[in-house]
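> this one's structure only:
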């Protein structure tokens, strides 16, 4: 695997991930974007919930579902000077042009861990990156072979390692939104990385719960959850020497899968080569199975839960790496909406019995390859 | 105001709310639905987050966007034996035919407050009700005059008083989903009431935060938040002797309004007649203003935050009534989706600056009546 780092004309960083025998990546960005034109929003503290909200008005202008000929994630052509200067690539990561968080104006470490005074905001510091999974505009994770998926994992791992060290960053979230039904604004297969300046509410709550339920040993609560699922076995959809994938007992969404390493890992950076290879082979297959459940590819969100950056002792004790994938499709022609109960009260009403979802996914995996 | 209570043919309760001089409500349900055919789901505890998830597979069969001629919330006609037996009505509340929670198999008080063993589920007990705001299929809250809105409030209040006392209920959530963009499955103007057997996660967190920030006096943290908004004043969109409405400082959604009573109230049941009258006059006007922001009526979710049922001393100290309304429309042709950052991590990225949203709503209120 070979990495090549360059910068776009406005100064944003871009990194190619290639096989060793791929051609060198030397093209430069011909668009002449003005340097430093990326805007930074502000973060406001919601005293009602104890959570930070980023206000990023500049993102309203971001490009919305462009056709292939204008796609910013396709390789550059003479007619389309895209975000990626090369005429071809394997996997690319670059800083988002319309970021929710930008690594400028970083206050002192842990600034966002303290409760601010009413009305005292902060710059929305952190970093947002885009990961292009493939040069094929019509591709998907499910279409990747294990080698290409391995490059994606290498990119995820590289960025995790780097961002976990970055000053001001408290949580690195590697995720993918797929499908216009989920709100994607670009069809080209890609994921994102958000390096938040705080531990986001879902992870914060999960870690707090794990802390309360900890027996004092490392990762004990998360291990209990995985052990329960492996023991019940009824919701497991895939298992191999390194990973286990299941529909969680208390699923919120019509289709939901968690993928956990068998061994204790805290972040993508801790995975062994064997674990990486095994995931690279099985994950595209899982996505293909999910895509075969209905007539159209499944809209989904997936993301890696990992240890916070600059962790406290409790966070270090309680963190355990896993992937969470959820879909809002509840039937061929119906989506699950998060309406009043879910959106206003956080109270989820599941529409599909988890064992039924697991059975359907297992059946789809059995006929896919 | 006059209440008339009856039962549908399957045993579900239905209550009419009328003016004193309206005709008596005596019609009976001619559909002959089999008694006790309403299904109860199960609740599973998500040990990862410490939250209950209701699994209600039976709700998959619920009716989806029927036309007026099949509408279950229109008054009954010879061609449409609806959920409401009368040929006309003002406001009606009845038990949901496809409930997420049903008041059967209620375990001992506080059963859902304890952490269960792995795999130990509970019946999804509680109660779900539907509130029809108007007999007009094409109506909306914004189209109600103050008298009709007063009947809606009377219904909300009646149900709150009753459900707060019901065994097993821990939280009464009075809410409305409006617009197919938000996921409503019925266009007829209506709201819902969920009587949860637990304090839902959003309220639980809000109360925990309020407890941590309390100065020991009643409702002190919520009062501080309202005081801050009234002091800054830049986001207030409406104020009168009894209520103040503002776009919150740290809004999550493109358009978001909170409506707080000026005096300390804990639930709808505590409102004075003057407060009820004042809200009944101003709230439909607010909705009309919101509906005028774009070319089409605004999709929104709104709901009342109130004191838990059977409250603990801390919950009683920290609870303060208010209404929260949020919309997912971020531009005339664009919706805000809760994608990976929001849905998986609970980390909100706001697209509209709250002061700008407030200015637009104020301008709309100035020209609406």
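Structure received. These figures come from a predicted structure and were not determined experimentally.

> C-alpha from now on. contacts and neighbour counts both.
OK.

> low pLDDT regions in chain A?
For chain A, the stretches with pLDDT under 70 are A:59-64, A:369.

> please, where are all the strands along the stretch 51-200 of chain A?
Using DSSP state E, counting those that start in this stretch, the strands of the stretch 51-200 of chain A run over A:51-55, A:91-95, A:122-123, A:127-132, A:171-178, A:190-196.

> could you tell me which residues of the stretch 151-300 of chain A lie near chain B?
A:175-177, A:182-184, A:200-203, A:205-206, A:209-210, A:222, A:225, A:228, A:249-252 (CA under 8 Å from any CA of the partner chain).

> give me the buried entries from the residues you listed.
The neighbour count (16 or more other CA atoms under 10 Å in any protein chain shown) marks A:175-177, A:182-184, A:200-203, A:205-206, A:209-210, A:222, A:225, A:249-252 as buried among those.

> residue A:140 contacts residue A:179, correct?
No - using CA atoms under 8 Å, residue A:140 is not in contact with residue A:179; the gap is 10.4 Å.

> which one of the strands of the stretch 51-200 of chain A lies nearest to residue B:322?
strand A:51-55 (19.0 Å; CA to CA).

> next, see if the closest one gets close to chain B.
Yes - for strand A:51-55, a contact with chain B is found by CA under 8 Å from any CA, at A:52-55.

> can you map out the helices along chain A?
In chain A, the helices defined using DSSP state H lie at A:146-164, A:201-213, A:220-232, A:273-291, A:313-318, A:345, A:354-367.

> quick one: closest of the ones you listed to residue A:90.
Of the helices of chain A, nearest to residue A:90 by CA to CA is helix A:146-164, at 7.4 Å.

> so which elements touch the closest one?
Applying 3 or more CA pairs under 8 Å, 6 or more residues apart in numbering or on different chains; DSSP states H and E, one finds that helix A:146-164 makes contact with strand A:13-18, strand A:91-95, strand A:171-178, helix A:273-291.

> just the ones you listed: most buried one?
strand A:171-178 (a mean of 26; mean count of other CA atoms under 10 Å in any protein chain shown).

> so how far is that strand off the chain centroid?
With CA atoms, centre = their mean, to the nearest Å as the basis, strand A:171-178 stands 2 Å off its chain's centre.

> pairing partners for it, with directions?
strand A:190-196 (antiparallel), strand A:300-305 (antiparallel) (DSSP bridges).

> can I get those strands in TSV with distance to residue B:107 and mean neighbour count?
Formatted as TSV, these follow (distance: least, CA to CA, whole Å; neighbours: other CA atoms under 10 Å in any protein chain shown):
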stretch	distance to residue B:107	mean neighbour count
strand A:190-196	42	25
strand A:300-305	35	24
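
> CSV please, covering those strands and showing distance to residue B:109.
As requested, these are exported to CSV (distance: least, CA to CA, whole Å):
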stretch, distance to residue B:109
strand A:190-196, 41
strand A:300-305, 35
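
> so for residue B:192, which of the helices and strands packed on helix A:146-164 sits nearest?
Closest to residue B:192 of these, according to CA to CA: strand A:171-178, at 30.8 Å.

> what's the angle from that closest one to helix A:146-164?
For strand A:171-178 against helix A:146-164, the angle by axes from the mean of the first three to the mean of the last three CA atoms, to 10 degrees is 140 degrees.

> so what's residue A:258 up against?
Counting by CA atoms under 8 Å, 6 or more residues apart in numbering or on different chains, residue A:258 makes contact with A:245-248, A:322-325.

> what pairs with it across the strands?
Note on residue A:258: beta-bridge partners by DSSP bridges are residue A:246, residue A:324.

> how close does it sit to chain B?
To chain B, residue A:258 is 11 Å away according to CA to the nearest CA, to the nearest Å.

> same question, residue A:292
Applying CA to the nearest CA, the value for residue A:292 to chain B is 21 Å.

> so which of the strands of the stretch 51-200 of chain A is nearest residue B:357?
Per CA to CA, nearest to residue B:357 of the strands of the stretch 51-200 of chain A: strand A:51-55, 12.2 Å.

> can you list contacts of that closest one?
Counting by CA under 8 Å, 6+ apart, A:41-46, A:100-101, A:124, A:198, A:201, B:250-252, B:347-353 sit against strand A:51-55.

> one more pass at 7 Å, please.
Residues external to strand A:51-55 that are found in contact with it (CA atoms under 7 Å, 6 or more residues apart in numbering or on different chains): A:41-46, A:100, A:124, A:201, B:250, B:252, B:347-351, B:353.

> strands paired with that strand, and their directions?
Sheet pairing for strand A:51-55, assigned by DSSP bridges, gives strand A:42-46 (antiparallel), strand B:349-350 (parallel).

> looking at those, which is buried most?
Of all the strands paired with strand A:51-55, strand B:349-350 has the most neighbours on average by mean count of other CA under 10 Å, namely a mean of 26.

> so what are the domain limits for chain A?
Residue ranges for the domains of chain A, per automatic domain parsing: A:2-202, A:216-367.

> redo those as CSV? Include distance to residue B:257.
Converted to CSV, these look like this (distance: least, CA to CA, whole Å):
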stretch, distance to residue B:257
domain A:2-202, 14
domain A:216-367, 13
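
> so which of those gets nearest residue B:266?
Per CA to CA, nearest to residue B:266 of the domains of chain A: domain A:2-202, 15.8 Å.

> residue contacts, residue A:50?
With contact taken as CA under 7 Å, 6+ apart, residue A:50 is in contact with residue B:209.

> pretty sure residue A:351 sits against residue B:41.
No - Residue A:351 is beyond contact range of residue B:41, at 10.0 Å (criterion: CA atoms under 7 Å).

> shared neighbours, those two?
Common neighbours of residue A:351 and residue B:41, using CA under 7 Å, 6+ apart, are B:55-56.

> how about the helices of chain A, which one is nearest residue A:191?
Across the helices of chain A, residue A:191 has its closest neighbour in helix A:146-164 (9.7 Å, CA to CA).

> got the contact list for the closest one?
The set of residues external to helix A:146-164 that reach it, using CA under 7 Å, 6+ apart, is A:17, A:91, A:133, A:172, A:174, A:195, A:268-269, A:276-277, A:280-281, A:309.

> roughly how far out does that helix sit from the chain middle?
12 Å.

> now swap in stretch A:11-22 and tell me
So, by CA atoms, centre = their mean, the centroid of stretch A:11-22 is 20 Å from its chain's centroid.
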